[in-house]
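Peer 1: Fold the following, please.
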Amino acid sequence: MEERKMHYTNKRGDSKKVKYFEGSISRSNKIHHMNARCKEIGSDVESSSGSNNIKLLCGHPNSSEQIVFKVIPGFSVDKQFYNLDSSLHDKHYILRHNWQKRSILTHNKYNFTLKEWLERNRDNWCPIYRKWNVNRPTEEAKKLIQCILHAVYDSHSKGIFHGFLHHPENFFIECNRKKIKLVYLVYENMEPKTSIEKDVCQNDMLAMSHVIFDQILGGRIRKKYPEDLEDLWRLLFDDMSFRNWTIIVDHPSLWHWKIRFHYIERVWMQFLHADKNLKVKMNDSLRRFPGYDWKNKIPSNTPLERIFNNNFYRSTPDELFRYIRVVRFHYKDPNVRIDPQTEADYLEERFIEHKTTEVCELLLVYLHRMVCQLGIEI
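Peer 2: Residues are numbered from 1 along each chain as shown. Model (predicted):
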């Protein structure tokens, strides 16, 4: 008779291990007796006094790591069943029996196609930025778009062109628990190729743009995008887009807001400590940034205006760079005098990142492009 181990937690929260034999009823049966039968997969069950708190730990034959399954109880007619979610990439089915001999079937919910993801996620615009009257994608949507860009770039860099990326079924999403980890291209929904290689390459870029901006973000009709997101859209439609991959795959419009916030400081420190030759090149690049009167975009009667008035700035791109860096690094200084009653938002990094970005929405795009072109490591 096969011996197995079962973990459970008693009412006091003490964790114990109980041995039981298949077909027998041990003390742990009174809590949740569940016998996991997996092909070549060993398993432990963690249960608690609460009927809704169950966890299955399984080993995988192709991996030394344990896989954690989240167990969600439910009911189907008169039979109880459990849905178990895991992060396994391959399809897996684990048949489990409880002590009342009711069958339980698991299925993988963490990996799916883009089509399935779109069915679950229809509004992919961040509500926080919507409150500030700005359209920016959610962090999950941005991560998904980044992974799609990397998947197509990886394929194109190997000279492999898909040709049918307008099908959302051709993007397979792999997740680490509930966070998007990777996107793979699927070569199943294909039609005979008749186009020459250059056309297929350009078709991939146009199809990818359609997937990103029309299917994930819901289309550009009646939707004003921030200028940096518009820049990404233009790059994907550029006939020379294959030359812009280093800029596209790590585009600032898709960065997490914390990375956007600190990027200015990191580039500034590189500028301060650059050798003479690099500093000349960086100065030349800064001077080539498209010029406009950025001072007029500073919101009046705000901490941003007070910081501006406390220093002297010229209307040049390099002075814009300096000003944004000063605001992000010194916005909590006492002399800024932020009123916690009426200006509480200005005490938050995310809001400061948003308001300083509004002064010049393309500044990060220009800085990132300069860093890529000069080969600067940030």
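
Peer 1: contacts for the longest helix belonging to the chain?
Peer 2: Taking DSSP state H as the criterion, the chain has its longest helix at helix 139-157. Residues outside helix 139-157 that contact it (CB atoms under 8 Å, 6 or more residues apart in numbering): 114, 117, 121, 124-126, 137, 161-162, 165, 171, 173, 179-185, 201, 204-205, 208, 211-212, 216-217, 242, 245, 248-251, 254-256. Quick note: C-beta positions are derived from backbone N, CA and C, even for glycine.

Peer 1: For the next helix-or-strand element following it, C-alpha coordinates in CSV please.
Peer 2: Later in the chain than helix 139-157, the nearest helix or strand by DSSP states H and E is strand 171-176. C-alpha atoms of strand 171-176 as CSV (Å, rounded to 0.1, in the frame of the first residue of the first chain):
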residue,chain,number,x,y,z
PHE,A,171,0.4,35.1,-29.5
PHE,A,172,0.8,32.7,-26.5
ILE,A,173,1.1,34.3,-23.1
GLU,A,174,3.1,32.6,-20.3
CYS,A,175,2.5,33.9,-16.8
ASN,A,176,4.4,33.5,-13.6
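
Peer 1: List the buried residues in stretch 224-231.
Peer 2: Residues of stretch 224-231 classed as buried by neighbour count (16 or more other CB atoms under 10 Å): 225-226, 228-231.

Peer 1: mind putting these in JSON lines, secondary structure included?
Peer 2: As requested, the buried residues of stretch 224-231 are exported to JSON lines (DSSP: H, G, I helix; E, B strand; the rest coil):
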{"residue": "Y225", "secondary structure": "coil"}
{"residue": "P226", "secondary structure": "coil"}
{"residue": "D228", "secondary structure": "helix"}
{"residue": "L229", "secondary structure": "helix"}
{"residue": "E230", "secondary structure": "helix"}
{"residue": "D231", "secondary structure": "helix"}
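
Peer 1: Turn these into TSV, including distance to R288 and pLDDT.
Peer 2: Below are the buried residues of stretch 224-231 laid out as TSV (distance: CB to CB, whole Å; pLDDT from 0 to 100):
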residue	distance to R288	pLDDT
Y225	24	92
P226	22	94
D228	18	96
L229	22	96
E230	20	94
D231	16	95
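
Peer 1: Kindly indicate which of the residues you listed lies nearest N133.
Peer 2: When the buried residues of stretch 224-231 are compared for distance to N133 (CB to CB), P226 wins out at 11.1 Å.

Peer 1: who are the neighbours in contact with the closest one?
Peer 2: By CB under 8 Å, 6+ apart, the residues touching P226 are 134-136, 253, 357, 361.

Peer 1: ok, it to C147 distance?
Peer 2: Separation of P226 from C147 (CB to CB, to the nearest Å) stands at 21 Å.

Peer 1: what's the answer for F312, then?
Peer 2: For F312, the distance to C147 equals 44 Å [CB to CB].

Peer 1: again with Q202
Peer 2: 22 Å.

Peer 1: what's the answer for H210, then?
Peer 2: Taking CB to CB, one finds H210 at 17 Å from C147.

Peer 1: And M282, by the same measure?
Peer 2: Applying CB to CB, the value for M282 to C147 is 31 Å.

Peer 1: still on that earlier bit, neighbour-wise, which of F312 and C147 wins?
Peer 2: Taking other CB atoms under 10 Å, F312 and C147 do not tie; C147 has more neighbours (19 against 7).

Peer 1: Who are the contact partners of H256?
Peer 2: 139, 142.

Peer 1: residues near A141, how many?
Peer 2: If you count neighbours by other CB under 10 Å, A141 ends up with 21.

Peer 1: nope, D123 is what I was after
Peer 2: For D123, the neighbour count with other CB under 10 Å is 10.

Peer 1: Tell me where the stretch 51-200 of the chain has helices.
Peer 2: Remark: helices assigned in the stretch 51-200 of the chain by DSSP state H, counting those that start in this stretch are 114-120, 127-131, 139-157, 197-209.

Peer 1: now the residue nearest to R122 when sequence neighbours are not counted: how far from E140?
Peer 2: Sequence neighbours aside, G218 is the residue nearest to R122 in space, at 7.9 Å (criterion: CB to CB, 6 or more residues apart in numbering). G218 is 15 Å from E140, where distance means CB to CB.

Peer 1: Break this protein down into its domains, please.
Peer 2: The chain breaks down by automatic domain parsing into domains covering 3-107, 114-254, 257-374.

Peer 1: Straight-line length of the last one, end to end?
Peer 2: The one in question is domain 257-374. In domain 257-374, first residue to last residue: 24 Å (CA to CA, to the nearest Å).

Peer 1: what's the average pLDDT for that domain?
Peer 2: Domain 257-374 comes out with an average pLDDT of 93.

Peer 1: can you check the first one too?
Peer 2: Taken as a whole, domain 3-107 has a mean pLDDT of 41.

Peer 1: low-confidence ranges in the stretch 101-250 of the chain?
Peer 2: Scanning the stretch 101-250 of the chain for pLDDT under 70 picks out 101-110, 177, 188-198, 239-242.

Peer 1: let's see it at 50
Peer 2: Within the stretch 101-250 of the chain, the ranges that satisfy pLDDT under 50 run 101-109.

Peer 1: residues of stretch 338-356 that come out buried?
Peer 2: 338, 346, 351-356.

Peer 1: again with stretch 137-154
Peer 2: Those would be 137-138, 141-153, for stretch 137-154 by 16+ other CB under 10 Å.

Peer 1: Relative to R260, which of those is nearest.
Peer 2: Distance to R260 across the buried residues of stretch 137-154 (CB to CB) is lowest for K142, with 10.8 Å.
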